[in-house]
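**Q** The sequence and its predicted three-dimensional model are supplied below.
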Amino acid sequence: MTCRTSNLSWLDVLYNSVRKTPGGVADAAAYLADRRGKTMHPETLRAKLRGLEGESVSIEIAELLTEWMQEKAGGSEYALEWMQALAGRFGMAVDVVPPAPEGGWADEVAAVQLKLLEITTRVGRLTGTAVDAMADRHIDSDEAALMVSEARALRTMAHRLERNVARAAAKGNPAARTTR
């Protein structure tokens, strides 16, 4: 029997992320045993991640699982998604913003222009996804997941744009300084 999970429930997102990480639930349980000094059977961890009656995941376990996923190949791409779902439940947004290159970009204005083009592209993707999803006047969980993913990518790009604008302003306009 397959259990249906939602990309909008933080516990479901955490469970799915652990499952798709190399080694899965069994490796995660072994990692927790190493880090916490307490043995946890993989099925016990699975029950906690599924939120079965009487079972729960503490923030400490969620943090350790996040660290474990980030150490695994490809895991850092989705290790923090459960936090985004949790924040969304309470009307907040959390975004993962990749680090800027050391010292910023050589041409921050060009970086701003590129980010604006990327934002426009992402707005188009979000709009296309939303129009397709709403065609039947119903948004299912798969369509919601696509829309949320596009909205998050758009917000991340906006954060990156903000960072470029601030650096460009801090560097000033060298052309204006030489003509004064």
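**A** Happy to help now that I have it. Residues are numbered from 1 along each chain as shown.
**Q** Mind jotting down where the helices sit in the chain?
**A** For the chain, the helices defined by DSSP state H occupy 10-20, 24-36, 42-50, 59-71, 81-89, 108-134, 141-171, 174-179.
**Q** how about those in a markdown table, adding mean neighbour count and mean pLDDT?
**A** Heads up, the C-betas are built off the backbone N, CA and C, glycines and all. Shown next, in a markdown table, are the helices of the chain (neighbours: other CB atoms under 10 Å; pLDDT from 0 to 100):
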| stretch | mean neighbour count | mean pLDDT |
| --- | --- | --- |
| helix 10-20 | 20 | 95 |
| helix 24-36 | 17 | 93 |
| helix 42-50 | 18 | 95 |
| helix 59-71 | 17 | 95 |
| helix 81-89 | 18 | 93 |
| helix 108-134 | 15 | 93 |
| helix 141-171 | 16 | 90 |
| helix 174-179 | 7 | 46 |
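**Q** Which of those helices sits closest to V97?
**A** helix 141-171 (4.6 Å; CB to CB).
**Q** Report the contact partners of the residue nearest to the spatial centre of the chain.
**A** Against the mean C-alpha coordinate of the chain, by CA atoms, centre = their mean, the closest residue is E81 at 3.9 Å. Residues near E81 by CB atoms under 8 Å, 6 or more residues apart in numbering: 13, 17.
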